[in-house]
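> Fold the following for me, if possible:
(one chain, ligands or ions: 1)
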Amino acid sequence: MLRVGIAGFGFMGRMHYRCWKDIDGAEIAAICDINPNIVEDTKKGGGNIEGAEEQIDFTGIELYTDFDKMLADARLDAVSITLPTYLHPECSVKALEAGVNVLCEKPMALNAKECERMMAAAKSSGKVLQIGHCVRFWPEYAKTKEIIDSGEYGRVIAATFQRLGAAPTWSIDNWFMDEKRSGGMALDLHIHDTDYVQYLFGMPRAVRSFGAKGPSGGLIHIVTEYLYNEDTVVTAEGGWAMTPGFGFEMSFNIVMEKATIVYDLTREPMFKVCPADGEPFTPEVDEGDGYTRQTAHFAKAIKGEKIEAVTTLEQSRDSVRLVTAEKESAGKKEKVSIE
Ligand SMILES: NC(=O)c1ccc[n+]([C@@H]2O[C@H](COP(=O)([O-])OP(=O)(O)OC[C@H]3O[C@@H](n4cnc5c(N)ncnc54)[C@H](O)[C@@H]3O)[C@@H](O)[C@H]2O)c1
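A predicted model of the protein is given here:
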């Protein structure tokens with residue numbers, strides 16, 4: 001039995017709890033949260049997307065308020081790091097050095113240097129470190145990557161991605177709104193699409209971003225063009241300044257030579273391929289969601305089973321580098337090259 005710990009039991013902690021519960025051969029042995037009232041406070045919920053478990057059965061789970069103590073006492077094989085972003089490097093490195101495999105939420109860290117510290121710890125420990133870039137595992141996004149790579153519909157002419165919602169106000173001490181702890185909207189939310197763009201098309205040669213700032217001076221809305229070649233337009237828009245009634249939306253339109261692929265949570269059907277010849281259709285996709293699929297992938301990696309290289313640590317670091325360049329571009333109001 002794989003003994004699993006969850007560090008940080010807010011919105012994503014409850015999401016990882018749901019995913020781990022469904023993994024054969026794994027048991028949630030320990031949960032750590034600095035908040036001593038976590039059992040009561042968990043009932044308050046929070047989050048911007050469905051799926052975080054609401055009914056938690058804490059029976060048989062050891063509860064900790066101190067991460068080091070959990071690592072020392074709980075005899076874990078794996079830990080989900082679902083802590084605020086600024087804690088990802090410190091806690092991931094400690095866990096890896098203690099011989100524990102780590103599934104760490106995105107973004108990997110606040111900057112590329114910290115990402116590299118995590119990569120070095122993974123390498124020297126020989127343990128698995130996977131960053132929770134769940135969009136790569138999202139069934140419709142995974143299918144779209146497969147369709148594009150197949151070459152069946154020719155090359156991509158234009159691709160645009162959107163991720164929009166209200167500001168994340170569910171955290172107990174509002175750490176999301178502190179740029180120094182979360183990296184702000186671009187690193188926290190928009191990175192999902194930046195990472196998916198990188199997954200589909202590789203690293204762009206430059207980015208050109210436009211942004212709107214909120215009262216604290218941080219970006220609250222961003223539109224980026226990822227520059228590849230003259231014949232392709234790739235853009236992504238992210239924002240957390242939507243008013244509460246808007247809800248949360250993620251979507252894309254991908255225009256190819258012989259088909260257009262559309263995904264939009266608010267449309268019916270949500271996902272469709274519109275070929276140049278023939279009727280629009282919804283391709284079959286794998287069961288589950290990005291969170292369950294990434295957890296299953298991580299569990300397989302720990303067990304040494306054969307897995308596809310859906311996400312690498314270099315790519316997770318490069319997504320942090322890309323968003324950093326996007327923020328710089330929006331600030332300078334000019335194109336920023338990617339080395
Ligand atoms: N993959 C996704 O779709 C997605 C969605 C939302 C958030 N996230 C990421 O997940 C991470 C967590 O976000 P969240 O929404 O769950 O935040 P949250 O505020 O809801 O939860 C964080 C929890 O960590 C606890 N905590 C803080 N400091 C601690 C410490 N030193 N030791 C132990 N516990 C501590 C807090 O009490 C809180 O319960 C962030 O990195 C965020 O960017 C990912």
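
> Pick out the residue nearest the middle of this structure.
Centroid check for the chain by CA atoms, centre = their mean gives His133 as the closest residue, at 3.4 Å.

> Would you check that that one makes contact with Lys106?
Yes - here His133 reaches Lys106: they are 5.2 Å apart, a contact under CB atoms under 8 Å. Every C-beta, even on glycine, is put in place using the N, C-alpha and C of the backbone.

> Look up phi and psi at the closest residue to the ligand within the stretch 1-150 of the chain.
The minimum distance from the stretch 1-150 of the chain to the ligand, using CB to the nearest ligand atom, falls at Gly10 (2.0 Å). Backbone torsions of Gly10, given as degrees, to the nearest 10, read phi -100, psi -140.

> SS state for the residue nearest to it when sequence neighbours are not counted?
What sits nearest to Gly10 in space, not counting adjacent residues and going by CB to CB, 6 or more residues apart in numbering, is Ser171, at 6.0 Å. For Ser171, the assignment made with DSSP: H, G, I helix; E, B strand; the rest coil gives coil.

> tell me the contacts of Ser171?
By CB atoms under 8 Å, 6 or more residues apart in numbering, Ser171 lies in contact with 10-11, 46, 84.

> Give me the pLDDT value at it.
With respect to pLDDT, Ser171 scores 88.

> Can you give me the distance of the residue in the stretch 151-300 of the chain that the ligand sits nearest to to Leu71?
Closest to the ligand within the stretch 151-300 of the chain is Ser171: 2.9 Å, counting by CB to the nearest ligand atom. Relative to Leu71, Ser171 is positioned 23 Å away (CB to CB, to the nearest Å).

> One more: Met242?
39 Å.

> ok, now Gln294?
Going from Gln294 to Leu71 by CB to CB gives 22 Å.

> and the helix or strand hosting Tyr291, what other elements does it pack with?
Here Tyr291 sits within helix 290-303, counting by DSSP states H and E. Contact here means 3 or more CB pairs under 8 Å, 6 or more residues apart in numbering; DSSP states H and E; on that basis helix 290-303 packs against strand 2-7, helix 11-21, strand 78-81, strand 101-105, strand 129-132, helix 139-150.

> ok, back up a step: now for His133 and Lys106: what residues contact both?
Shared contacts of His133 and Lys106 (CB under 8 Å, 6+ apart): 192, 195, 316, 319.

> Which helix or strand contains the second one?
Okay, so that is Asp195. helix 191-201.

> tell me the pLDDT at the residue nearest to the centre of the chain?
In this prediction, His133 carries a pLDDT score of 98.

> In contact with it, which residues?
Residues near His133 by CB under 8 Å, 6+ apart: 106, 192, 195, 199, 294, 311, 315-316, 319.

> Could you rerun that using 7 Å?
By CB atoms under 7 Å, 6 or more residues apart in numbering, His133 lies in contact with 106, 195, 311, 316.

> Within reach of the ligand, which of those are there?
Among these, the ones lying near the ligand by CB under 6 Å from any ligand atom are Lys106.

> Kindly reformat the contacts of His133 as CSV containing neighbour count, distance to Pro283 and pLDDT.
What follows is the contacts of His133, written out as CSV (neighbours: other CB atoms under 10 Å; distance: CB to CB, whole Å; pLDDT from 0 to 100):
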residue, neighbour count, distance to Pro283, pLDDT
Lys106, 23, 26, 98
Asp195, 26, 22, 98
Thr311, 23, 22, 97
Ser316, 25, 27, 98
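
> residues from the stretch 1-150 of the chain in reach of the ligand?
Residues of the stretch 1-150 of the chain lying close to the ligand (CB under 6 Å from any ligand atom) are 7-13, 32-35, 46, 67, 82-85, 87, 105-106, 132, 134.

> Now for this protein, the helix or strand with the poorest mean pLDDT.
Lowest on mean pLDDT, DSSP states H and E among the helices and strands of the chain sits helix 38-41, with a mean of 88.

> How about residues contacting stretch 289-296?
By CB under 7 Å, 6+ apart, the list of residues contacting stretch 289-296 reads 15-16, 19-20, 22-23, 51, 103, 132, 134-135, 137-138, 286.

> Please verify my assumption that Leu110 contacts Thr85.
Yes - with contact defined as CB atoms under 7 Å, Leu110 and Thr85 form a contacting pair (6.2 Å).

> Find the residues that touch each one of the two.
Common contacts of Leu110 and Thr85 (CB under 7 Å, 6+ apart): Gly183.

> And Gly51, what's its pLDDT?
With respect to pLDDT, Gly51 has a value of 81.

> likewise Pro244?
85.

> and it, how far is that from Gly51?
On the measure of CB to CB, Pro244 and Gly51 end up 20 Å apart.

> Check Lys106 too.
Here Lys106 is placed at a distance of 16 Å from Gly51 (CB to CB).

> where exactly do the helices run in the chain?
With helices called from DSSP state H, the chain shows them at 11-21, 38-41, 67-73, 88-97, 112-125, 139-150, 179-182, 184-185, 191-201, 290-303, 313-332.

> Of those, flag the one that's most buried.
Most buried of the helices of the chain by mean neighbour count (mean count of other CB atoms under 10 Å) is helix 184-185; its value is a mean of 28.
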